[in-house]
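**Student:** Provide a 3D model corresponding to the input given below.
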Amino acid sequence: MQLGARGVFFYPDGLTSREVASFARRIEALGYSALWLPEAGGRDPFVTAAAILDHTDSLIVATGIANIYARDAMAMKAAQYTLAEQSGGRFLLGVGVSHRLLVEDIRGHRYGPPLAAMRGFLERYSAAGFGAVAPAERPPLVLAALGPGMLALARERADGAHPYMVTPDHTRQARKILGPDRLLCTEHKVYLEKDLAKARAVARASPALAMGLSLPNYRNSLIRQGYDAQDFEHGLSDRLIGALVAMGDADAIDRRLREHSEAGANHVCLHPLHPEARSEPHWPTLEALAPVNRSR
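**Tutor:** Residues are numbered from 1 along each chain as shown. So this is what the prediction gives:
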């Protein structure tokens, strides 16, 4: 698997199936190497991945992330190996423990200690067989990892990590924990707007940012990264918004994303914010930052 430097993180729930396929083909034509699909109560990421892989030629499809409480380890491995074999090795499985709200309140499961839950899942995943024609190469597995314990587990038992809502400083620390040989695929939100006051207002109103920061896992991660209560109270601080969202023109955003690469990320997943908070692609951002355009 040749995972390029840039990919796209996108919630496809506001699009029809035909629109998702069209979106993926356009992403591929713009030179992005991967499309990352979350699992948050809408589309099934594996079913969606199968359709996208069938409608594209080189695009890698990754789950960012598949919830380990949504299906058992054997089912997860079967889906991963099936998609990898069908696509000629273009599927990347990202798994995570999700959040207590999504696991207990919405799914009705018991949310266990994250590190122990993930370790148990990985043990069952490793022991699970696959009774069909296997892909030519073992497909990769990355973990949603924020804290040092989960990052160490990603180094020991997986092919790398997929951190979400982090800064370049976190990427630097993550690379130290992961070591030189593991994948580090970092998500970062972007908004193409030269007026920074306007950009911050759009970011504050973004459902993706508001939802993420309402969840303890992400808030605790940011506190470990050096932020405090003043950054969360009375509206998100300019400091926090500036850390989590790359803003400005295409050059300014590109420089910010390169900070992750320079800090040790193999792959940066652009998460474009829509100025009207719509669940649809913001093509001006995606086109301005597209690898085919940035390389000219």
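**Student:** Three-state assignment for the nearest residue to Asn67 once chain neighbours are set aside, please.
**Tutor:** Using Cβ to Cβ, 6 or more residues apart in numbering and skipping the chain neighbours, the partner closest in space to Asn67 is Ser98 (4.4 Å). C-beta: built from backbone N, CA, C; applies to glycine. At Ser98 the chain is in coil, as set by DSSP: H, G, I helix; E, B strand; the rest coil.
**Student:** Ser98 reaches Thr63, doesn't it?
**Tutor:** No - counting by Cβ atoms under 8 Å, Ser98 stays clear of Thr63, with 11.9 Å between them.
**Student:** mutual contacts of these two, please.
**Tutor:** Glu39 (Cβ atoms under 8 Å, 6 or more residues apart in numbering).
**Student:** what about Ile253, how many residues close to it?
**Tutor:** Residues lying near Ile253 (other Cβ atoms under 10 Å) number 23.
**Student:** any idea which helix or strand carries it?
**Tutor:** For Ile253, the host element (DSSP states H and E) is helix 250-263.
**Student:** which residues touch that helix?
**Tutor:** The contact list for helix 250-263 (Cβ under 8 Å, 6+ apart) reads 5-6, 168-169, 171-172, 175, 186, 188, 190, 192, 246-247, 268, 270, 288-289, 294.
**Student:** out of those residues, which sit inside strands?
**Tutor:** Among these, the ones falling in strands (DSSP state E) are Arg6, Thr186, His188, Val190, Leu192, Ala246, Met247, Val268, Leu270.
**Student:** ok, which pair from the residues you listed is furthest apart?
**Tutor:** Spatially, the most separated pair among these is Thr186 and Leu192, at 19.3 Å (Cβ to Cβ).
**Student:** elements contacting the helix or strand of the chain with the lowest mean pLDDT?
**Tutor:** When each helix and strand of the chain is scored by mean pLDDT, DSSP states H and E, helix 207-213 comes last, with a mean of 86. Applying 3 or more Cβ pairs under 8 Å, 6 or more residues apart in numbering; DSSP states H and E, one finds that helix 207-213 contacts helix 216-224.
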